[in-house]
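S.K.: pasting the sequence and the predicted coordinates here, then a few questions.
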Amino acid sequence: MSDKDRFDDTDFREVVLDSDKDGKEPETEAAKPDDKPDDNEYEDICYICHRPESKAGAMIKVSNNICICSACMQKTFDSMNHIGFPLGDMSSFGNMPNISMINLSDLQNMDMLPKSQKLKKKKAKEEKKPAPKLDIKSIPAPHKIKASLDEYVVGQEHAKKVMAVAVYNHYKRVACDSKDGVEIEKSNMLMVGPTGSGKTYMVKTLARLLDVPLAIADATSLTEAGYIGDDIESVVSKLLAAADNDVERAEHGIIFIDEIDKIAKKRNTNQRDVSGESVQQGMLKLLEGAEIEVPVGANSKNAMVPLATVNTRDILFICGGAFPDLEGIIKERLNKKSSMGFHADLKDKYDKEENIMHRVEVEDIRKYGMIPEFLGRLPIVFALDALSEDMLVRILTEPKNAIVRQYQKLLAMDEVKLVFEEEALRSIAKRAKEKDVGARALRAIIEEFMLDIMYEIPKDDNIGVVTITKDYIEKSGGPLIQMRG
């Protein structure tokens, strides 16, 4: 009989279980110490790798209530088999690598650990319904995708049209075959727009409408392989987690990489750029399509985490960034074209053009610091509109989950009706426009003046209607309050 047969994991498990049965009878409830936690409430932890039962799987219990997971037990057996000493001769046990002597007498009271050192079991969640298989042929037509986006996103007509067509073509590409020799290329997108213009919100809404897995990654946390931070593969790992670790479903998902402008090449620096151009180069294989080994349920690869192979060929990549100071590069290019001769334009002609981002070209983004190989894999480049005062007013009220509707719902729970005057909405939009941070400023302004109302209204059950006026927004008056009846 070989050493491997002697140290079989299943045999050891049976021996241990039999020894537990023949051992001492469990203590009665009266004999239990007060601080001994209920076994059903806390989960076992592996003595060697310290992983809980929910992560490491079923535990093997040895004497003195020591628990060891199957993986650590198997590693121990493999180390012993590798040395190949006879079972009866234990003289060389102390010289064995990777195996240290455990003094079991020090662990007599492993089951007496305080609750602060025990890991409590998570409450059993309701079983999730399995994710539906992605039916690519059921993807709606572009005009239907745009109509659905219109319910949630105000304005941005050109951007919504471009996204609808690109997504529709991408999933047609996934569904078709290339037997006739014609292979359709990926329609990855690059969104350029000022902060708060709705880049992330549009992608979230799009993924929810299409019912496809979506991963949103932040390019600022990505670094070159081997440095502190997230590796490039962590982007795909997030998508796999969003698809409930279903590789086939993840391979038809969408990845949105936000703040893509933050990995531009750094100018005038003598230091190693581990989060700039090198990250762009590392992403080239992702954007084009390659088989990537990604850790399941973790951000980094290590020995304790299984790896899955994901092919990014059919994953749609959408990159978005605010690209601050890109306007200056665009204006410089436009002025060079029109600043010579008798019919030359004035140099300040484009200074007051609010949506100058729509004139962006690939050359401008390359000059900003994005490498040509990276831009070549993002064939669709489009810009979002800067939010005007009228658009901000519409954002307050028109979308399905508009901010005003959210507060109306909150007060409706207290049986109070909330009304906003048109002039008050206009005043909120004007103040938000001055802050120059896009739609994000709307929430901050409303939170400010709604604080006292949300605090005072639950005190009085007789309040029926609260009307927000322009004077209240401008701090020259108060809201109108009507009592019931």
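M.R.: Here it is on my side, so go on.

S.K.: packing partners for the helix ranked longest in the chain?
M.R.: Of all the elements of type helix in the chain, the one with the most residues (DSSP state H) is helix 157-175. If you count contacts as 3 or more C-beta pairs under 8 Å, 6 or more residues apart in numbering; DSSP states H and E, helix 157-175 packs onto helix 142-150, strand 189-192, helix 199-210, strand 316-321, strand 380-383. In this view, the C-beta of every residue, glycine as well, is placed from N, C-alpha and C.

S.K.: tabulate those in a markdown table, adding columns for distance to V404 and mean neighbour count.
M.R.: Listed next are the helices and strands packed on helix 157-175 as a markdown table, based on distance: least, C-beta to C-beta, whole Å; neighbours: other C-beta atoms under 10 Å:
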| stretch | distance to V404 | mean neighbour count |
| --- | --- | --- |
| helix 142-150 | 18 | 17 |
| strand 189-192 | 27 | 25 |
| helix 199-210 | 17 | 19 |
| strand 316-321 | 27 | 25 |
| strand 380-383 | 28 | 19 |
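
S.K.: for G229, find the nearest of the ones you listed.
M.R.: With respect to G229, and counting by C-beta to C-beta, the nearest of those is strand 316-321 at 18.2 Å.

S.K.: which of the helices and strands packed on helix 157-175 sits closest to V236?
M.R.: The closest of these to V236 is strand 316-321. By C-beta to C-beta, the value is 10.4 Å.

S.K.: quick check: angle from the closest one to helix 157-175?
M.R.: Interaxial angle of strand 316-321 relative to helix 157-175 (axes from the mean of the first three to the mean of the last three C-alpha atoms, to 10 degrees): 150 degrees.

S.K.: rewinding a little: how about the longest helix of the chain: buried residues?
M.R.: 159-171, 173-174 (16 or more other C-beta atoms under 10 Å).

S.K.: surely S148 meets L209?
M.R.: Yes: look at S148 against L209 with C-beta atoms under 8 Å: they come within range, at 4.7 Å.

S.K.: send over the longest helix of the chain as PDB, restricted to the C-alpha atoms.
M.R.: Output in PDB follows, covering the C-alpha atoms of helix 157-175 (Å, rounded to 0.1, in the frame of the first residue of the first chain):
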ATOM      1  CA  GLU A 157     -30.400  63.400 -27.500                       C
ATOM      2  CA  HIS A 158     -27.300  62.800 -29.600                       C
ATOM      3  CA  ALA A 159     -25.600  60.700 -26.900                       C
ATOM      4  CA  LYS A 160     -28.700  58.500 -26.400                       C
ATOM      5  CA  LYS A 161     -29.000  57.900 -30.100                       C
ATOM      6  CA  VAL A 162     -25.300  56.900 -30.400                       C
ATOM      7  CA  MET A 163     -25.500  54.600 -27.500                       C
ATOM      8  CA  ALA A 164     -28.700  52.900 -28.700                       C
ATOM      9  CA  VAL A 165     -27.200  52.200 -32.100                       C
ATOM     10  CA  ALA A 166     -23.900  51.000 -30.800                       C
ATOM     11  CA  VAL A 167     -25.500  48.600 -28.300                       C
ATOM     12  CA  TYR A 168     -27.900  47.200 -30.900                       C
ATOM     13  CA  ASN A 169     -25.100  46.600 -33.400                       C
ATOM     14  CA  HIS A 170     -22.900  45.000 -30.700                       C
ATOM     15  CA  TYR A 171     -25.500  42.400 -29.800                       C
ATOM     16  CA  LYS A 172     -26.200  41.800 -33.500                       C
ATOM     17  CA  ARG A 173     -22.500  41.100 -33.800                       C
ATOM     18  CA  VAL A 174     -22.600  38.600 -30.900                       C
ATOM     19  CA  ALA A 175     -25.600  36.800 -32.500                       C
END
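
S.K.: which residue is the nearest non-sequential neighbour of H143?
M.R.: Closest residue to H143 apart from its sequence neighbours, by C-beta to C-beta, 6 or more residues apart in numbering: A164 at 7.4 Å.

S.K.: how about the one you found, what does it touch?
M.R.: Going by C-beta atoms under 8 Å, 6 or more residues apart in numbering, A164 touches 142-143, 145-146, 149.

S.K.: the domain parsing of this structure - what is it?
M.R.: Listed domain ranges for the chain are 3-120, 136-383, 396-483 (source: automatic domain parsing).

S.K.: and the second one, how far from the chain's centre?
M.R.: It refers to domain 136-383. Distance of domain 136-383 from the chain centroid (C-alpha atoms, centre = their mean, to the nearest Å) equals 15 Å.

S.K.: where does the prediction get shaky in the stretch 101-250 of the chain?
M.R.: For the stretch 101-250 of the chain, applying pLDDT under 70 flags the ranges 101-137, 226.

S.K.: ok, now with 50
M.R.: Along the stretch 101-250 of the chain, segments meeting pLDDT under 50 span 101, 104, 106-110, 116-117.

S.K.: look up phi and psi at N462.
M.R.: phi -90, psi -10 (degrees, to the nearest 10).

S.K.: which non-adjacent residue is nearest it?
M.R.: M483 (4.9 Å).

S.K.: repeat for S197
M.R.: Nearest residue to S197 in three dimensions, chain neighbours excluded: L384, at 4.4 Å (C-beta to C-beta, 6+ apart).

S.K.: what about the one you found, how many neighbours?
M.R.: Neighbour count for L384, taken as other C-beta atoms under 10 Å: 24.
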